[in-house]
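Trainee: Can you look at this prediction? I've put the sequence above it.
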Amino acid sequence: MALYQEDKEEVVLSKTAADLETSQILNSSKLNETITNQISGYKWKVNYFNQILDKMDPPNQLDTATNSTTQPYRLIENLVITLTNPITSASTSNLNGEGYVDMGMAVFKYDLFIAEVHNKVAIFYVEEVRADTYENNTIYYIIFKFFCFTSDVDTYNNLLSKVVTEYTFNPNYKFTNEKQILLKAEVYNYQKAVKYVQTVMMHYYQRFFNTKLNMLMDTNSSGDKILDIHLNRFIKSTIPTNIVGWVNKIEYQDLEEYSCLNIFDCLTKSLELRMVDKLYVSAPQVKYNSVFYKDVIKVKAMSDVNGDKINFYSKDYFIEDSFYTKSLDMFEAHENFEIVLYRAIHGKEITPEEIQMAIDSSKTDEFRYYKIPILIYIYLRAIEKIKF
């Protein structure tokens, strides 16, 4: 009996055995009309059923008289088998072949997989398996044989009923830091989170992007425009364009020296708050002289100010002066943004749910021009951890 440690998930069947009789799981094209046309080196997409075994459990052929408690499987959708020889057969029932499997976990004799054959869908089993090495990875050479067609409803349904965990194969793992297989639930959660980011940032773009200057600008209660070069630079350098495409449109101009280390550097470079320059919306208001930004209010650093620095301070920026010296226990419970920002800067754990709550509460905030992109950056870092 396999005393497996994986949580059982409800498996929702999207295809019946009858549907699979004519469906094309392998390839929707007509390039390969029958499986016997597959040649050496062909990358064959299959749905793979990997046995979940304890160390002392022997692998066993599928037994329709048992259930998932005694014979559990993990399902890996769209796994790739790289064929080493053309698949041969004297008849459909004698189809067999061999190839390599690389999925980041052990392959066992009697594992099964489902693939298209002769315009039907068949179940194959692993007859022989041998561990091998390729590019410092353990891969598995397998010889497989025909087991039955999915038209054998009892066998097909019994196999599906024994799936306790579902994964999806990641074909790009060699080019990323991701695993070969990803939990389907985590992939779904990540994709859902990315969609949330794209939606929030599209609203942000529509509200703050100046299409004439190709920059993000705010407007205060008096109708004056405010430009934070530091914020524009931060967004352009940290928000991935493959997720938020419009970030490519930002074309800020460093008309003055903006090399100071500030609150944004605390997020991206792990600097201490006491070591950076404080930023403020200038008070009294200081505006650009440039023809490009005529009558636009500057966001300046304290070190740029000559004379009375106390009077320079205003509350027209997204964080107050006290933020730089507070400890976490000094924030009020309703200060969602400040708490998330503080914890992110100090490397403390934050869940995606906590960050999303702060984003949602900031959507109508007076300082959403600053808060939304900062929170989105923190959120994207957090969901990267659940992606793998």
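Mentor: All right, it came through fine. Numbers count the residues shown, from 1 in each chain.

Trainee: How are the helices of the stretch 1-150 of the chain distributed by residue range?
Mentor: 17-22 (DSSP state H, counting those that start in this stretch).

Trainee: Low-confidence regions, it specifically.
Mentor: 1-41, 88-93, 118 (pLDDT under 70).

Trainee: and residue 293, what element?
Mentor: Assigned by DSSP states H and E, residue 293 falls within no helix or strand.

Trainee: how does this protein divide up, domain by domain?
Mentor: 17-169, 186-387 (automatic domain parsing).

Trainee: closest one to residue 179 among those?
Mentor: With C-beta to C-beta as the criterion, residue 179 lies closest to domain 17-169 of the domains of the chain, at 5.6 Å. Yep, even glycine has a C-beta here, placed from its N, CA and C like the rest.

Trainee: How far away from the center of its chain is the closest one?
Mentor: Put simply, domain 17-169 sits 27 Å off its chain's centre (C-alpha atoms, centre = their mean, to the nearest Å).

Trainee: Ok, stretch 327-344 next?
Mentor: 26 Å.

Trainee: Grab the CA positions of that stretch and hand them over as PDB.
Mentor: C-alpha atoms of stretch 327-344 as PDB (Å, rounded to 0.1, in the frame of the first residue of the first chain):
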ATOM      1  CA  SER A 327       9.100  50.500  13.700                       C
ATOM      2  CA  LEU A 328       6.500  48.100  12.500                       C
ATOM      3  CA  ASP A 329       4.500  48.100  15.700                       C
ATOM      4  CA  MET A 330       4.000  51.900  15.400                       C
ATOM      5  CA  PHE A 331       1.700  51.700  12.400                       C
ATOM      6  CA  GLU A 332      -2.100  51.800  12.800                       C
ATOM      7  CA  ALA A 333      -4.100  48.700  11.600                       C
ATOM      8  CA  HIS A 334      -5.700  50.600   8.800                       C
ATOM      9  CA  GLU A 335      -2.400  51.700   7.300                       C
ATOM     10  CA  ASN A 336      -2.300  48.800   4.900                       C
ATOM     11  CA  PHE A 337       0.000  50.400   2.400                       C
ATOM     12  CA  GLU A 338       2.500  51.600   4.900                       C
ATOM     13  CA  ILE A 339       2.700  48.200   6.600                       C
ATOM     14  CA  VAL A 340       3.200  46.300   3.300                       C
ATOM     15  CA  LEU A 341       5.800  48.800   2.200                       C
ATOM     16  CA  TYR A 342       7.700  48.700   5.500                       C
ATOM     17  CA  ARG A 343       7.700  44.900   5.500                       C
ATOM     18  CA  ALA A 344       8.800  44.700   1.900                       C
END
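
Trainee: i'd like the first residue to be 25 from this point on
Mentor: Sure thing, new numbering starts at 25, so read that last one as stretch 351-368.

Trainee: Excluding chain neighbours, what is closest to residue 399?
Mentor: Nearest residue to residue 399 in three dimensions, chain neighbours excluded: residue 383, at 4.7 Å (C-beta to C-beta, 6 or more residues apart in numbering).

Trainee: so the one you found touches residue 225, yeah?
Mentor: No: using C-beta atoms under 8 Å, residue 383 is not in contact with residue 225, being 10.3 Å away.

Trainee: Name the residues that touch the helix of greatest length in the chain?
Mentor: Determined from DSSP state H, the single longest helix within the chain is helix 208-232. Outside helix 208-232, the residues within contact range by C-beta atoms under 8 Å, 6 or more residues apart in numbering are 33, 101, 190-192, 240-242, 263, 267-268, 270, 376, 380, 383, 387, 392-393, 396-397, 400, 403-404, 407, 410-412.

Trainee: Same list, the domains of the chain, but as TSV with mean neighbour count and distance to residue 204 please.
Mentor: Output for these, formatted as TSV (neighbours: other C-beta atoms under 10 Å; distance: least, C-beta to C-beta, whole Å):
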stretch	mean neighbour count	distance to residue 204
domain 41-193	17	4
domain 210-411	16	13
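
Trainee: Output stretch 158-173 as CSV, nothing but the C-alphas.
Mentor: In CSV, the C-alpha atoms belonging to stretch 158-173 read as follows (Å, rounded to 0.1, in the frame of the first residue of the first chain):
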residue,chain,number,x,y,z
TYR,A,158,21.8,14.6,-19.7
GLU,A,159,23.1,18.1,-19.0
ASN,A,160,23.5,17.2,-15.3
ASN,A,161,19.8,16.2,-15.1
THR,A,162,18.5,12.7,-14.4
ILE,A,163,16.4,11.6,-17.3
TYR,A,164,14.7,8.2,-18.0
TYR,A,165,14.9,5.9,-21.0
ILE,A,166,11.7,4.0,-21.4
ILE,A,167,10.3,1.2,-23.5
PHE,A,168,6.5,1.4,-23.7
LYS,A,169,3.8,-0.9,-25.0
PHE,A,170,0.1,-0.6,-25.8
PHE,A,171,-2.2,-1.3,-22.9
CYS,A,172,-5.7,-0.5,-24.2
PHE,A,173,-7.9,2.1,-25.9
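
Trainee: picking that back up, who wins for proximity to residue 202 among the domains of the chain?
Mentor: With respect to residue 202, and counting by C-beta to C-beta, the nearest of those is domain 210-411 at 7.0 Å.

Trainee: Figure out how far the closest one is from the centre of its chain.
Mentor: Computed by C-alpha atoms, centre = their mean, the separation of domain 210-411 from the middle of its chain amounts to 23 Å.

Trainee: just the strands in the protein please.
Mentor: For the chain, the strands defined by DSSP state E occupy 67-75, 97-107, 120-125, 136-141, 144-158, 161-173, 187-193, 205-207, 233-234, 239-243, 249-251, 303-305, 320-325.

Trainee: circling back: reformat the domains of the chain into CSV and put distance to residue 202 next to each item.
Mentor: Output for the domains of the chain, formatted as CSV (distance: least, C-beta to C-beta, whole Å):
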stretch, distance to residue 202
domain 41-193, 10
domain 210-411, 7
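
Trainee: Where does pLDDT dip in the stretch 275-412 of the chain?
Mentor: In the predicted model of the stretch 275-412 of the chain, residues 277-283, 306-309, 315, 326-340, 409-412 satisfy pLDDT under 70.
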